[in-house]
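Q: Fold the following and give me the result.
(chains A and B)
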Amino acid sequence: MIELIEKIEGEAKLDFSFTNDLIDYVKIEFLSARGIENILKNRPALDSLVINPRVCGICGHAHLIATVQALESCYEKIEISDKAKIIRELTLNFELIQNHLKWFYLVLIPFFGKKQDTKKALYSSSLMTKAIAVLAGQYPHNSYAIVGGITSSVTNGDFIKVRSLIDEAILFFQSNLVDANIEEFWECDSVEHIFEKEGDLVDILMYIIYSNLNDMGKSYDRFIAFGGNSYFKKGKSNKTVVSTNLKYEYIKEKLIDYSYAKNVYYKDKSYEVGPLARGMINKVPLIKDAHRKYGDSIFSRILARVCEIAQLLYHSKQLLSMCNIKEPSYIKPKIDIKNITANGIGYVEAARGSLIHKVDLVDGIIKDYTIITPTQWNLGSGTKDNLGIAQNAMVGLSSVDEAKLVFKSFDVCSVCTTH
Amino acid sequence: MKNPNGENKKIKILWLSGISCYGNIHSFFNYPHMEVFLEDFEFIYHPVLDSTFSLKEIVNETKECNILLIDGAISDDFHRADVNIKDIINRYATSVNRIVTVGTCATFGGIFKYSDFQSPRGLHFCGDELQTDFLHLRNKTISISGCPIQPEVLVNTLYEIKNQTDIKLDTFLRPKEYYAYTVHNGCTRNEYFEYKVDGHKFGELEGCLFYDHGCQAPYTAGSCNKILWNEQNSKTRSGSPCFGCTEYTFPKMSLYDTKKNMGIPQNLPLGVPKRAYLTIAGVTKAFSIQRLEKKLIDD
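A: As a prediction, the model looks like this:
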C-alpha cells in the first residue's frame, strides 16, 4: 500500500506491507534529487559558500557553516577569532530554534487534532530569523561565513538587538510551550516535573501518555552526533553507553535502486541523529529521564526537539555575553585558497542532526564534493533484515496514520535527504 | 470572518514547487503581516501550510484558482505526485488570471539550470534565453526573481494583482517598482564606492566590495537595500558581496572575485559607459577624504 507523504519540504512515498494487520516493512522512496554535488564541481572553492545554502531553505545556514568548516580544514593552519566562532555558533543555534518551532506548530500538532498554528509558528521563528539577519545580513541564504571568519562587523547595538530577540523568544517559549523558567531545563531531571506545568508541549506529551502512544516509534536505540561545539558533544551512544572516538572512514554512503536518497551507515549500522541523539550524548538530565521511562519513542523524540529550543536559547544568551566585540571578525588566511590542494571535512549539528560536508580541492578548484545530511541517517531505506532508523520505528504499528506520525517525528526534509 | 477591509472573498492561490530548495517558502514565512495576508488570500495548495486540497487532488484534478505561483526550476522530466510539472502548469495556466514565477529558479533557472535534470530552466527564460514552450502565458506572467524572494515584494505584488493595479514590468517581466532599483541603492557603503575608496576587508564596517570582492550590487536589479531582509539588514550592509541573485546570470563563476580588464572592473554600474566611468573614477580618486580613510567607530 503506497502513501504519498507531502509537506516535508518536498514529497516521499511510503510503501507499506502488512502481516496480521501489523506493518512488517516500509519502503521509503524519495522521488527526485537535484545534484548539488555535481553543480559544485570545477567551481572555485569559495563559490560553494554561495551554492550550498541553497541545498535547503530551512537549514541552509547549517550547510553554509559545514561548507566553511570543510574549506578551513583544507588548511594545515588557519586562525579564526573566538568572536567569529561564537557568532557562527549563535546564528546556527538560531536556525535550529526556528526550525524546531516551525516543526512543532506546523507539522506536529495537526497529528493531535489541532490546526496548524501559523501565527505562533511564524511569529516565534521570525524572532530567530531576524536575529540571524542582524549578524549575517539575511535569512535564508546568506553567505556571511567566509574562510577566515565572518564578513560582518558587529556593533554593540547589534548585540543589544540580538539579545532582545533571544529574550523575546524565551518569553514566547515560557508563555506558550512550557510555563517554566527556561533555566530550569538545565537542571530538571524528571519528566514528571514537566507534567506539572502547562503549555502546548505539555498538552501533546500528556495526550501521548493518556492515549498509550508512549511506546510508539522505538528504533535501535543507537545515536550519533558528529558536530561538536561549545554546547553539543561529539560521540555515539549505544543505548546508554557513550563513546567519543568517531572516524569519517567508518561512514559509508550506499545507493539504493528505487530511491534518490542514499543510505548512510557508521560501521555498517544505522544510527539515529537529531535532538534526541544529541540529548543522549550530551547527557541532558531531562532527556535521559525521558529515555529511561519511554526509550527512543516519539515521546522522547518530541520532548528532545522542543526542549532543545529552551536549551539553545539559554546557551545562546551565555555565548553572546562571552563574545568580545573588539576581536577581529575576520583574519585573512596566510595562504590564498586558490593555492590550496587538499581534502577537508566539516561536521555540523543541524536542526535534524549531523551534517557532513567533504571537499576535495586542487589548486583551489572543487574536484569533488560530498554532502551527507541528517535525514539520510534517519530516513534511510534498508532491507527487511537491515532496516533504517525510521523504517524500524514504523514496523509493528497497526495503522498508516500512526506510521506517518512516527515518520514525521524525525522532522523529515525531502530536499536535504536527496540534495 | 471578514477581513479588515470588510470583504469576504479570498483570492485563491496555488503554490506549485518545481526543482527547488524551499528557500522561497521559508523566506515568505518571514513576511511580518502573515495573519492579515491569510485573511485576504487562501492557498488552495501550499507545500508547507495547511491548504484546501492535497497535492494529489491538485495535480489530478483542476481546482478553482486565481493565481498560480511557480517556485523552482522547470524541467521536462520533473514530476510532482507522479504528474509532469509542465502538465500541471498547463492545466492551471489557462484558468488563472495571473502567473507569478517566485524566485530566480522559476524565473531564469537559477542554480538548478546546472542540475542533471532534462533541460532545467525558468518558465520563460533559461539564463537570458527566451524559451518558447510557455510563450502563450507571457502576458499573464509576473517574475519575482531573487534567491530567495523578498517576502514583501511577493506579497505586495499579490495585493497589486488583487487590486487589479496596472503593474509596470521590465523586460524580464519583473515589477519595476522593485526591480528598477539596483541592490547598490541604499547600501551603507555607498560613499566608499562613489569616492573609489577600495580598501575593503571582510569583517569591517568600512569599504566597498565592488572593486575586489565580486560585489554585483551596482548592476543587479533589486530592492535588497531598500526593503531590508527580515526587516533588519542586507548582504552588503553586513559585509558580504551581492552575488546578483535576482539576475539571469546567477550564479556566475568566481563569485568572490571582481573580474577586471587592465585594472578596470569588467561589469560597470548599470547604464554607465566605460569612458564616463574612467573619467569619474579619475576625478573622485583625486579627492582625499580623510573621513573615509579612517575607521567609522574605533579611533
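Q: can you tell me which strand in chain B is longest?
A: Ranked by residue count under DSSP state E, the longest strand found in chain B is strand B:11-17.
Q: Please work out which residues outside that strand touch it.
A: For strand B:11-17, the surrounding residues in contact (C-beta atoms under 8 Å, 6 or more residues apart in numbering or on different chains) are A:10, B:25, B:40-47, B:58, B:63-72, B:80, B:85, B:88-89, B:92, B:96, B:102, B:158, B:161-162. C-beta here means a position set from N, CA and C on the backbone, and glycine is covered the same way.
Q: Ok, stretch A:99-110 next?
A: Contacts of stretch A:99-110 (C-beta under 8 Å, 6+ apart): A:7, A:58-59, A:115-118, A:120-122, A:124-125, A:128, A:177, A:200-201, A:204, A:275, A:302, A:305-306, A:308-309, A:351-352, A:408-409, A:411, B:29, B:48-50.
Q: now with 7 Å?
A: A:58-59, A:116-117, A:120-121, A:124-125, A:204, A:302, A:305-306, A:308-309, A:351, A:408, A:411, B:48 (C-beta atoms under 7 Å, 6 or more residues apart in numbering or on different chains).
Q: Just give me how far that stretch sits from the chain centre.
A: Chain-centre distance of stretch A:99-110: 14 Å, with C-alpha atoms, centre = their mean, to the nearest Å.
Q: dump the residue contacts of B:S75.
A: Contacts of B:S75 were listed using C-beta under 7 Å, 6+ apart, and they are B:I19, B:F117, B:Q118, B:S119, B:P120.
Q: ok, which stretches of the chain are strands?
A: Looking at chain A here, since you left the chain open. Along chain A, counting by DSSP E, strands occupy A:2-5, A:12-19, A:22-30, A:145-146, A:149-150, A:222-225, A:235-238, A:241-243, A:251-254, A:263-266, A:342-350, A:353-362, A:365-372.
Q: let's do chain B instead
A: Assigned by DSSP E, the strands in chain B fall at B:11-17, B:41-45, B:67-71, B:79-80, B:83-84, B:98-102, B:125-126, B:129-130, B:141-144, B:260-261, B:264-265.
Q: Pipe the ones you listed into JSON lines and attach mean pLDDT, distance to B:K168 and mean neighbour count per row.
A: JSON lines is the format used below for the strands of chain B (pLDDT from 0 to 100; distance: least, C-beta to C-beta, whole Å; neighbours: other C-beta atoms under 10 Å in any protein chain shown):
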{"stretch": "strand B:11-17", "mean pLDDT": "98", "distance to B:K168": "21", "mean neighbour count": "23"}
{"stretch": "strand B:41-45", "mean pLDDT": "98", "distance to B:K168": "23", "mean neighbour count": "19"}
{"stretch": "strand B:67-71", "mean pLDDT": "98", "distance to B:K168": "19", "mean neighbour count": "26"}
{"stretch": "strand B:79-80", "mean pLDDT": "95", "distance to B:K168": "32", "mean neighbour count": "20"}
{"stretch": "strand B:83-84", "mean pLDDT": "96", "distance to B:K168": "34", "mean neighbour count": "16"}
{"stretch": "strand B:98-102", "mean pLDDT": "98", "distance to B:K168": "15", "mean neighbour count": "27"}
{"stretch": "strand B:125-126", "mean pLDDT": "98", "distance to B:K168": "19", "mean neighbour count": "19"}
{"stretch": "strand B:129-130", "mean pLDDT": "97", "distance to B:K168": "20", "mean neighbour count": "11"}
{"stretch": "strand B:141-144", "mean pLDDT": "98", "distance to B:K168": "11", "mean neighbour count": "24"}
{"stretch": "strand B:260-261", "mean pLDDT": "93", "distance to B:K168": "35", "mean neighbour count": "10"}
{"stretch": "strand B:264-265", "mean pLDDT": "92", "distance to B:K168": "30", "mean neighbour count": "16"}
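Q: Minimum distance to A:G148: which of these has it?
A: Comparing these by their distance to A:G148 (C-beta to C-beta), the top pick is strand B:260-261, with 22.6 Å.
Q: Just checking: what are the partner strands of that closest one?
A: Using DSSP bridges, the strands paired with strand B:260-261 in its sheet are strand B:264-265 (antiparallel).
Q: Can you give the distance of the partner strand from its chain's centre?
A: In terms of C-alpha atoms, centre = their mean, the centre of strand B:264-265 is set 26 Å apart from its chain centre.
Q: Next: stretch B:127-145.
A: That offset, for stretch B:127-145, works out to 15 Å (C-alpha atoms, centre = their mean).
Q: Kindly check the end-to-end length of that stretch for me.
A: 12 Å (C-alpha to C-alpha, to the nearest Å).
Q: can you check stretch A:251-263 too?
A: Terminal residues of stretch A:251-263 lie 10 Å apart, using C-alpha to C-alpha.
Q: quick check, it touching chain B?
A: No. Counting by C-beta under 7 Å from any C-beta of the partner chain, chain B has no neighbours in stretch A:251-263; the shortest distance is 10.9 Å.
Q: For that stretch, buried residues please.
A: Buried residues in stretch A:251-263, counting neighbours by 16 or more other C-beta atoms under 10 Å in any protein chain shown, are found at A:I251, A:I256, A:S259, A:Y260, A:A261, A:K262, A:N263.
Q: Could you pull up the residues touching the fifth one?
A: Yep, that's A:A261 we're talking about. Shown in contact with A:A261 (C-beta under 7 Å, 6+ apart): A:F30, A:Q376, A:L379, A:T417, A:T418.
Q: Neighbouring strands of the longest strand of chain B in the sheet, and parallel or not?
A: Under the criterion DSSP bridges, strand B:11-17 sits next to strand B:41-45 (parallel), strand B:67-71 (parallel) in its sheet.
Q: Format the strands of chain A as a markdown table; extra columns: mean pLDDT and distance to B:K12.
A: Output for the strands of chain A, formatted as a markdown table (pLDDT from 0 to 100; distance: least, C-beta to C-beta, whole Å):
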| stretch | mean pLDDT | distance to B:K12 |
| --- | --- | --- |
| strand A:2-5 | 91 | 23 |
| strand A:12-19 | 95 | 27 |
| strand A:22-30 | 95 | 30 |
| strand A:145-146 | 98 | 41 |
| strand A:149-150 | 98 | 43 |
| strand A:222-225 | 98 | 44 |
| strand A:235-238 | 94 | 49 |
| strand A:241-243 | 88 | 53 |
| strand A:251-254 | 95 | 43 |
| strand A:263-266 | 96 | 41 |
| strand A:342-350 | 98 | 35 |
| strand A:353-362 | 98 | 38 |
| strand A:365-372 | 98 | 38 |
